[in-house]
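Student: based on what follows, work out the 3D shape:
(2 chains)
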Amino acid sequence: MEAIDVTDYQYYKNRELSWLQFNERVLEEARDKNNPLFERLKFLGITASNLDEFFMIRVASLKDMVNARYTRKDIAGMTPGEQLREILAVTGNLVNLQYSTYSRSLLPLLRQHGLYVVQEHEDLTREQGAYVDAYFRENVYPVLTPMAVDSSRPFPLIRNKSLNIGALLIKKDLRTDKKADGESGKDKKKEKNKEPELEFATVQVPSGLPRLVRLPDLPDGTRVVILLEEIIERNMEQLFLSYDIVCAHPYRIMRNADLTIEEDEAEDLLKEIQKQLKKRQWGEAIRLEVEEKMDKRLLKLLRKELSIKEDSIFGINGPLDLTFLMKMYGMEGFDALKAPAHKPAQVRELPSDCDIFEQIRKGDILLHHPFQTFEPVVRFVKQAARDPQVLAIKQTLYRVSGNSPIIAALAQAAENGKQVSVLVELKARFDEENNIIWAKMLEKAGCHVIYGLVGLKTHSKITLVVRREEDGIRRYVHLGTGNYNDSTAKLYTDLGLLTCSALIGEDATAVFNMLSGYSEPRSWHTLSLAPLWLRDRFLQLIRREKEHAQKGEEAHIRAKMNSLCDQEIIASLYEASMAGVKVELIVRGICCLKTGIPGVSDNIEVRSIVGNFLEHSRIFYFYNNGAEEVYCASADWMPRNLDRRVEILFPIWQEELKREVMHILDILLEDTVKAHVLTAEGTYEKIDRRGKAFLNSQEYFTMEAKERASQEEPQEKRRVFIPEEPVE
Amino acid sequence: MQITTFAAIDIGSYEVGMKIFELSSGKGIREIDHIRYGIELGRDTYVAGKISNEMLEELCLVLLDFKRIMKEYQVDGYRACATSAIRETRDLLLILDKIRVRTDIEVEVLSNSEQRFLGYKSIAAIGDSFDKIIRRSTAIVDVGGGSVQISLFDKDALVTTQNLKIGMLRIRERLSRVEQQTTNFASVLNEMISDELRSYKKLYLKDRVIENMILTGDYVRHFLDREDYPGAEDLAHKADGITCMNREAFSRLYEQAMSVTASQMAERFQMPAEHARLILPSIVIYQRLIEETGAQTIWLPGLNMSDGMAYDYAEKKKIFKSRHNFENDIVEAAKNIAKRYQSSRSHVAGTENLALTIFDKMKEIHGMGRRERLLLQISVILHDCGKYINMNRTSECSYSIIMATEIIGLSHREREIIANAVRFNTREFASFEEVSFGSGLERADYLLIAKISAILRVANAMDRSHKQKFKNVKVTRKEKELVVQVDTVEDISLEQGLFSDKAEFFETVFSVRPVIRQKKHI
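Tutor: The predicted structure follows:
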């Protein structure tokens, strides 16, 4: 038999194409009739905003590579050009599916359920027309900035991601009677052609106004809404009074405006791009979305002015920018069409009036969000801020919510004289500005703020509270798989550990010493950190299973993460599979690993869970010949996590909690409702439910958390007499 | 339980470190944080004799941050010590002043012997297992950035300690050019240190058989302690809670380390390349010493000077009692020096007894404490060693010997006090200006020299004949007299004759006149 090269391109899937498959799975949720109607709207909205981000980051990056004539092949052997072509083709189909879902499935259903979305202003009744015109005059007109283009006025800057209406105009007087006075040379030429000159004008749909405008309800109580751009389109003439409107259509561009060089790319590429950047006029357009029926002349003009290629233009049959659906989801009065509001359960070990530190001393506590509330984590910091015994609080912050109670608690702690050290990661994508504001505020309050590390993003989620107790310093640590963000903690599934283990405490101290610029510790007790040790640790753990399998012993790996695209890890998983290790992976998003390759990945199974909550926890299980090991981490198996970020892998030691995490993996693997399995053909299929129980893992965990919260915490028996209640 | 939090700052030649400790009578010493910052102060010092302003500023920033961390732990006390990297700079005082002004941290510059004593204290602090190890002949090897200290133990006590200027950073700097030109760096290194080690062996090791070798410093221990490189578990094991390995295992490790370059070593052993470049010379030094001494077991307690500082602090603050008698080590080391210079053992013992008895009886008058008593004791032990060189100029020669011989545990200042006290044993006492000229001695030191010298003179005079005629000495103090009653049938005219001379100086110093009374035997 020929030796198998596990690094061969053929064994890997391109990450962008795999990501598009993920977005298809999200879209599938929008198409799933079992989901409540408004949830389906939300999913559709998510696919749209996902796609926007994908273009801005990934496609832009690929375009840069193509422009820089960078031809290095990816993990699957595709050049940037090949990837781009394939992506644009797949995206075309995806977009078509988005809009057919919107127009053919969702709109009719909304109408049935009492929400009428007027698709085009031409469909308005006379009364409705009068209503929107009045709305236009009062609310919209004052904030519009129409811009025309002619020889003296250059093509205006169209802002990234903004929705615009482009129009072709003809001057009224030119059409009727031609006066020769003051004609320019250009006009003379036109006169010869006898063709009236079309002028281009554009107006941005104001992002400050609500995109959805509510009209008076129909007599039967049906709610009526129309999109803002339709109202503007209808009143276009008001903006260009001395012109006739030949045509007017919405369009939207996506620019490579932000300097979003993807950290996953090679360094030499970075240099190439920097060269390119100097040459480039800012903001090359990388995607143009237009109404499908857009006037050909208008489209041609846009194409020329934006210098965008045919394959990057998406003709759309429906409203542009479906992210408004997320706003629609928030409309009042349709609760019956939404999933019941999720209320995270209380954590039994941490009742609201307890002393958190005392509870942690009794034993480690595992938190499973959003099924269990994130509130104890906030309370952990809050209590530390007030506790006179607390000396110091240290925390890494990656993404925090607006108005974050954690930030407030940290500031409070500093004001109370605690030593507070906070590492605020300024490089968190899209949150840069937000984070700078918080960082400044914390500094003002007297915190010691570290603004990230050069060349590394600090992605780890760790909080350390140093407390002086009777018998000396004790350290309390929270480690998590998700951000310290109380808003997303209601939507993302994550795991957190509260512990006062001395070994974890010492390591946590070392982590913060390192983050403050001091030398690494001589050795670690429990934690593994990226970028220095984590990759090797994972490889070693996988290799250990392989060695067990080679000796004929049982070997088993279970791992859950958001994305899997690290070549070295995948290769080692293939090798493990070849040695007979059973590998079960739960990968929500990108997965560059291929399953079912004979002799390579026969023993590997990949499933993806896309549900109401965003699967976000990273869990790793190794059978280890019976001495099972369970870990959680802030890192995915992606090169950027392992090589260019500060990440932490932490063990779950306490037997009870270990069982608990293993139980979570069990349930996730038994999910028959929201799970998709990656087939040998490379497609994702829903689980064949025949003969299997109906199990939605997220619902299961919700129920379980609720049941658990209602159980009394086992109390030590009190040795006091309890007087009887008086009898009536 | 009363807990004291203490911070030990160690300004070394390649690293500035701070350890935070909790000290308590119940739990002893508990390290709760260790912060390290790599800065090669020694690189400038060993080559140019000074520290650049940029580096000094960097050091100050680190120290300022250390202050913040000390505040965080609400430490009760701290001690900041600097060693050769600062000690060997030409503008030492300016540097210390800059640090003080900039950071408000008082940095203490340790003499080599003080530094080594702290390093030694850290090991002794591990307690019972240490005592067990040194019951067999043991060498403690402390490889620092600037120099290597080798201390030998025999039957529980320190025999000798020597300092060789072949520290890892110093060697690396000296060989930095060679490193790029040779493929066999290890053999060049070997050649370079062999000469020093050979002399050392000839003079101090002689035929001594060393069984144990304790390696201090935490670099090496952690290097050997790592579990994440192949074969590590075969090399080291634990005995009595201390990491140790046998001679063969160390040789294997040496072979492994020699077969790779520093960068390969860094990768293989997962350490920063800078560490690897420092560790390489020290491994060569260790290996050579193991070969020269024949040590069988290598102990790696993984402690450094900071641990010794914590121990010292706890001792001084009476948080706990010392498990090991460090004063005894100093006394033993002094006795060994006296032995080397063939001082009369019986004369020394007799004089020592007399001097200490006088000291104790005079407590209320001289106001000196336990440490000064020790200095007196060492002065007595060493007062005669100059005879080995020149019979006529004993006191001058004793002075020179003491000034040139390190006594672990004594500071440079203390050694100078002893040397002067010995010098004025027979010479006429000089003025403060004369004594302090060219030295760092202060007025208080001068007074101390006078007091020790006064007692030494009297005690010495009583055994002028070196025959130990004075047995059963009883010392009593009556008003302005110190009565030394001796019980002897021998003729003590010689002693009595010379005594009045010495008594005068004693009286000048203490305003008490010593008199000798012979108990009459009927």
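Student: which element, helix or strand, includes A:Met662?
Tutor: Assigned by DSSP states H and E, A:Met662 falls within helix A:655-670.
Student: what mean pLDDT does that helix get?
Tutor: Regarding helix A:655-670, the rounded mean pLDDT is 96.
Student: what's the answer for stretch B:503-515, then?
Tutor: 86.
Student: one more: stretch A:238-249?
Tutor: The pLDDT scores in stretch A:238-249 average 89.
Student: other residues contacting it?
Tutor: A:136-137, A:141, A:144, A:146, A:148, A:165-173, A:175, A:198-199, A:201, A:203, A:233, A:236-237, A:290-291, A:293-295, A:297-298 (Cβ atoms under 8 Å, 6 or more residues apart in numbering or on different chains). For the C-beta atoms, the positions are set from N, CA and C on the backbone; glycine is no exception.
Student: same check on stretch A:398-418?
Tutor: Residues from elsewhere that reach stretch A:398-418 (Cβ under 8 Å, 6+ apart): A:377-378, A:381-382, A:384-386, A:390-393, A:395, A:397, A:420, A:422, A:425, A:428, A:431, A:434-435, A:438, A:441-442, A:445-447, A:457-459, A:461, A:483-488.
Student: what are the buried residues along it?
Tutor: For stretch A:398-418, a neighbour-count test (16 or more other Cβ atoms under 10 Å in any protein chain shown) marks A:398-401, A:404-414, A:418 as buried.
Student: closest to chain B out of these?
Tutor: A:Lys418 (8.6 Å; Cβ to the nearest Cβ).
Student: tell me how far the closest one lies from B:Tyr73.
Tutor: For A:Lys418, the distance to B:Tyr73 equals 12 Å [Cβ to Cβ, to the nearest Å].
Student: what's the answer for A:His459, then?
Tutor: From A:His459 across to B:Tyr73, the span is 28 Å (Cβ to Cβ).
Student: Three-state assignment for B:Met18, please.
Tutor: At B:Met18 the chain is in strand, as set by DSSP: H, G, I helix; E, B strand; the rest coil.
Student: that one and B:Ile9 touch, don't they?
Tutor: Yes. Counting by Cβ atoms under 8 Å, B:Ile9 is a contact partner of B:Met18 at 4.8 Å.
Student: pull up the overlap in contacts between these two.
Tutor: Here B:Met18 and B:Ile9 have B:66, B:306 as joint contacts, going by Cβ under 8 Å, 6+ apart.
Student: count of residues packed around A:Arg689?
Tutor: Counted with other Cβ atoms under 10 Å in any protein chain shown, residues neighbouring A:Arg689 total 11.
Student: thinking again about what came up before, restrict the contacts of stretch A:238-249 to those near chain B?
Tutor: Among these, no residue sits close to chain B (Cβ under 8 Å from any Cβ of the partner chain).
Student: mind listing which of these are in strands?
Tutor: A:148, A:165-171, A:199, A:201, A:203, A:290-291 (DSSP state E).
Student: return the set of residues that bridge with A:Leu215.
Tutor: A:Leu215 has the following beta-bridge partners by DSSP bridges: A:Val224.
Student: in chain A, where's the longest strand?
Tutor: Chain A, longest strand under DSSP E: strand A:243-255.
Student: note down every partner strand of that strand and its orientation.
Tutor: strand A:163-171 (antiparallel), strand A:285-291 (antiparallel).
Student: next, count neighbours for residue 391.
Tutor: Chain wasn't specified; assuming chain A. A:Leu391 has 20 neighbours, counted by other Cβ under 10 Å.
Student: hmm, I had chain B in mind actually
Tutor: Applying other Cβ under 10 Å, we find 9 other residues in the vicinity of B:Met391.
Student: my guess is it is in a strand, correct?
Tutor: No. Assigned with three-state DSSP, B:Met391 falls outside any strand and is coil.
Student: what pLDDT does it get?
Tutor: pLDDT at B:Met391 comes out at 82.
Student: what subset of the contacts of stretch A:238-249 is buried?
Tutor: Here, 16+ other Cβ under 10 Å leaves A:136, A:144, A:146, A:148, A:165-171, A:198-199, A:201, A:203, A:233, A:236, A:290-291, A:294-295, A:298 buried among those.
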